[in-house]
Structures are given as C-alpha cells and as structure tokens.
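**Q** generate coordinates for the sequence data below:
(one chain, ligands or ions: 1)
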Amino acid sequence: MTGLSQPMSPPAARPIAPPVMLARAALWAAVGFHLLVVEVMFALYGTGKNGILTAAKFFGLHAALLMMLQLTLIARIPWLDRRIGMDRLTAWHRWIGFSLLWTVVLHGSFVVLGYSALDDAAPWTTFFALAAVPAGLLGICAAAIIVGIASVSFRFLRRRLSYEVWHGIHMCVYLALLLGMVHQFLEGTTFSSPVATLYWWALWALVLGALVGGRVILPLWRNHYHQFRVAAVVPESDDVVSVHVTGRHLDRLPARAGQFMIWRFPGHNRWWQANPFSLSAAPNGRSLRLTAKAVGSTSAGLRHLPVGTRVFAEGPYGAFTSIHQTKPARLLIAGGVGITPVRSLLEESYVPTVVLYRVPDLRDAVLLAELEALARERNALLRVLPGRTGPGNAPFEPQGLYALVPDIQHRDVYVCGPPRMTEAVVKSLKALGVPGIQIHAERFALA
Ligand SMILES: Cc1cc2nc3c(=O)[nH]c(=O)nc-3n(C[C@H](O)[C@H](O)[C@H](O)COP(=O)(O)OP(=O)(O)OC[C@H]3O[C@@H](n4cnc5c(N)ncnc54)[C@H](O)[C@@H]3O)c2cc1C
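**A** As a prediction, the model looks like this:
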C-alpha cells in the first residue's frame, strides 16, 4: 500500500474514553441509579394489601420502569444517538420490549390472584369485577395493547408485515402509555409516601419530556428553521438516484459525514412514508445529498421528485461517524448502495485511508467517478471489487481482507453494505483480531 502515510491535517485530540463507552456507561449508570432509588422506595413504601398484591405492585412498578427505559431508548436524544447509534438503541429497545411484555403479564396475573385471595372469589369473577372499575379497565386495555404490539414484533410475524403496517401498530404504544398512566394515577397506591410519589412522577416527566423533545419539538423546530427543499435530482444509474436538498442556515445543522436522516417528501409521497437515507456527501453547510437505490415505491419514486418540493427531514442520526475513530488510520468497506455513508466519510477523511467497494459488476459501482476524485484528493487507496462471492472471489474472508489490507489491525474499520456482507466482514475482522472498538458498522436496518 503506497501513498497512505500522510494525513491531510493533524488527527483530532483523543477523547478520554471512546464516546460509545462513555455514553453506555452514562446511560446504564442513570438506569442503575433510578432503579436503586425505586427499589428502596418500594421496600419502604410499596407494601400491598397481601403478599400477592405486593408482588403485583412490584411487577407493575418494574413494568413502568421498563416502559420509561423503552421510551428513553427511542427518544432520539442526540447525545445518545451520536454515540451509541440508533440501530443499537432500537435493538436494545426490541429486547427490553419482550421483558416489558412478561412483566405486564405477571403484574396483571398477580393483581387478579391477589384480589381473588383477598375477596375469597374465583379469579375470573375478580377479573370481571376489576374490569368494571375505570382504573382496572384502563389497566387491562393498556396491557392488552402491549401484548398485541409485542406479538407482532416476534420475528416470524414482523417479517410478514410491511414496514408501514408494523410501524402503525407500534404507534399504538402511545395509547397504551396514556391508558397505563391514567390507570396508575387513578390507582394512586404506588407509594404510600408523598416524597416517593413526587419522585416517581418527576421521573415520568423527565422521560416524557425527552421523548416529546427528541421526537416532536426538535424535528418540528429544525424543519421550520431550515426550510428544506429539493434543489436537484440526479440519476446515478438505472436504479439509483441522488437528491440534493438545500435550506436556510444549513451550517447550523449538526450533521456529520456518515449520518443519516429520515426523509419525507410531503405532496409527493403520503405523509406517513418516512424513509431513512444516509448523507452521501459530507455536509458542507450549503446543501445535503441523499443517494437512494430503488427497492420499493418510495425509493423508486424519488427520481420523479419535482425540484422545489418541500422536504421534512428528521435527524441527523447515527453513530457511523469519525467521532468513533480510535486509530490514526482507517479502512472503509462498502457493498452496493452501502457506499453512500462511506463516500461521505471518505470526503472528510484526514487520516490514511483505504476504501474497498464491493459490487456485483463494475457497472453497479455508483458514485465511482466522485470516489476516484476524492481518493486522489485525500491520498487514499480505492479498490473496487467486482463479482459475486464464491470460490476464488471472497475478498471479505479473513485471508482475503488481510491480503488487501495487511495492517488492518491498526485501523478503524467502517463497514456498510447488505446485512449478510456486513455480518461476514465483522466476523472476519474479529477473526483477524481487530478489536471491537475499532469496528463500526451501519446495517441500513433500525429494528
Ligand atoms: C440508517 C439507514 C440508512 C439507510 N441509507 C440508505 C441509503 O443511503 N441509500 C439507500 O438506497 N438505502 C438506504 N437505506 C435503506 C432505505 O431506507 C430503504 O431501502 C428504503 O426505506 C426503502 O423504502 P421503499 O418504500 O422504497 O421500499 P419498501 O418496499 O417500502 O421497503 C423496502 C425495505 O426497506 C425497509 N424500510 C422501509 N421504510 C423504512 C423505514 N422508514 N425505516 C427503516 N426501514 C424501512 C422495509 O422494512 C423493507 O425491508 C437506509 C436504511 C437505514 C435504516
């Protein structure tokens, strides 16, 4: 490998700890702290009318805590998102969702059993008696919605639903949240101490504030402030198109190369169609660019977007950025349209860089002319790797990667491509002994 030893500018100062570790530690420390406080409050002030109802309270309280954590993970808090990444946060959200399901089921079951023991009645008689009072009915409805949402999130069912249908069903969680909160409020028996009760509701206020701030207020404010519009639509190939977006004060949009935004084109698409696309050029303060491959109706329709169309964009999101660089050299690996964030990372690459671009055929290598020009400018080595993977053509097997980049262990590796390719690359990197902290993957998948 030649010509790769001269950085274009001095590397940025090293952070004290990798940002992802810092953010994880901060998040789990906050969770641990509040959990501890709630456990203490429960031990002191949470006793129910009998042992079973105390257990019911315990599960109810923890269901609420899990719900708070769930909402925090999807609140799109910029500090967490840039460091941990929306893909990882939504993956955690998915797994915690299943714990929430079982905690809700246990809470409901223990409530019924507890009251039936107290009243010396059959469980189903108690169930109908509970459903006859508003607090009980609201709780039952909230639990039923959560069970329904969790059921469609099981992999075999999720795969059968379109993204929009699944997302629409998932949105019912806000109804469950509202019903659950009114249920808690009407019950009014969570803690017997006013201070504990105040703390509990303050915690809820904090979580809901973060959620509304991150998902509603910030996007609305940014779109109002920046007034995004389509400036140009440029076909890159038969099935790939770039959309250039301008707006006001784009220099104040905290976007970084490698990030993505969730785009809506009202008037052209239906309002609920929102699709994530990475920035395929490093933000320059004047315009943004996305480059999309046609896989469904929205992405295919982008090439017909009229210039001047208003754009509603959420973000920027994602942790596939240079803030996670730990070494003074990098390897960028792209497969197919996964080149989009890689292209923008190359544009702002000021350390010795190698780019590997995997495509089925040379004709599929979109943005190639730009990549070649950038590679020249940045003194980077660009290798296009055409062909289908098979015997004799497996560049991302450990030995193939090592042959291409012998100093791979001393580089940060950024990989973006089809899920199977990305998984294969990550596996090979681990086999080659590249530490996990140096591996950064964008999977083009959020849940
Ligand atoms: C973080 C991220 C960055 C991406 N960047 C790019 C990019 O730079 N260029 C590019 O060509 N593609 C990118 N994608 C993929 C792109 O989002 C989908 O191809 C696109 O949304 C398909 O929409 P469609 O309506 O045309 O097709 P559909 O047939 O509706 O969907 C095709 C596939 O895309 C998924 N999808 C649709 N809408 C969404 C959504 N809102 N969120 C998550 N997944 C969705 C569906 O689950 C389905 O698997 C990215 C995806 C993610 C998650």
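
**Q** what's the burial count for residue 46?
**A** Applying other C-beta atoms under 10 Å, we find 21 residues neighbouring residue 46. Yep, even glycine has a C-beta here, placed from its N, CA and C like the rest.

**Q** quick check: the gap between the residue nearest to it when sequence neighbours are not counted and residue 135.
**A** Closest residue to residue 46 apart from its sequence neighbours, by C-beta to C-beta, 6 or more residues apart in numbering: residue 57 at 5.5 Å. Remark: distance between residue 57 and residue 135 (C-beta to C-beta, to the nearest Å) = 14 Å.

**Q** just the pLDDT for the residue of the stretch 51-200 of the chain found nearest the ligand.
**A** Among all residues of the stretch 51-200 of the chain, residue 163 sits closest to the ligand, at 3.7 Å; criterion: C-beta to the nearest ligand atom. Residue 163 is assigned a pLDDT of 77 by the prediction.

**Q** please work out how many residues are found near it.
**A** Taking other C-beta under 10 Å as the criterion, the count of residues near residue 163 is 15.

**Q** which residue ranges of the stretch 251-400 of the chain form strands?
**A** 260-264, 275-278, 287-293, 312-317, 330-335, 353-359, 381-386 (DSSP state E, counting those that start in this stretch).

**Q** would you convert the ones you listed into TSV that also reports distance to the ligand?
**A** TSV is the format used below for the strands of the stretch 251-400 of the chain (distance: least, C-beta to the nearest ligand atom, whole Å):
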stretch	distance to the ligand
strand 260-264	4
strand 275-278	3
strand 287-293	4
strand 312-317	7
strand 330-335	11
strand 353-359	14
strand 381-386	18
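
**Q** most tightly surrounded among the ones you listed?
**A** For the strands of the stretch 251-400 of the chain, the largest average neighbour count (mean count of other C-beta atoms under 10 Å) is found in strand 330-335, namely a mean of 26.

**Q** partner strands of that one, with direction?
**A** When pairing is defined by DSSP bridges, strand 330-335 lines up against strand 353-359 (parallel), strand 412-416 (parallel).

**Q** neighbouring contacts of it?
**A** 342-343, 345-346, 349, 351-359, 396, 405, 408, 411-418, 421-422, 425 (C-beta atoms under 8 Å, 6 or more residues apart in numbering).

**Q** just the buried residues from those, in ChimeraX please.
**A** Entered in ChimeraX, the line below selects the buried ones among these, by 16 or more other C-beta atoms under 10 Å:
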select :342,343,345,346,349,351,352,353,354,355,356,357,358,359,396,405,408,411,412,413,414,415,416,417,421,422,425
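
**Q** that older thread, got a markdown table for the strands paired with strand 330-335, with distance to residue 152 too?
**A** Below are those laid out as a markdown table (distance: least, C-beta to C-beta, whole Å):
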| stretch | distance to residue 152 |
| --- | --- |
| strand 353-359 | 34 |
| strand 412-416 | 28 |
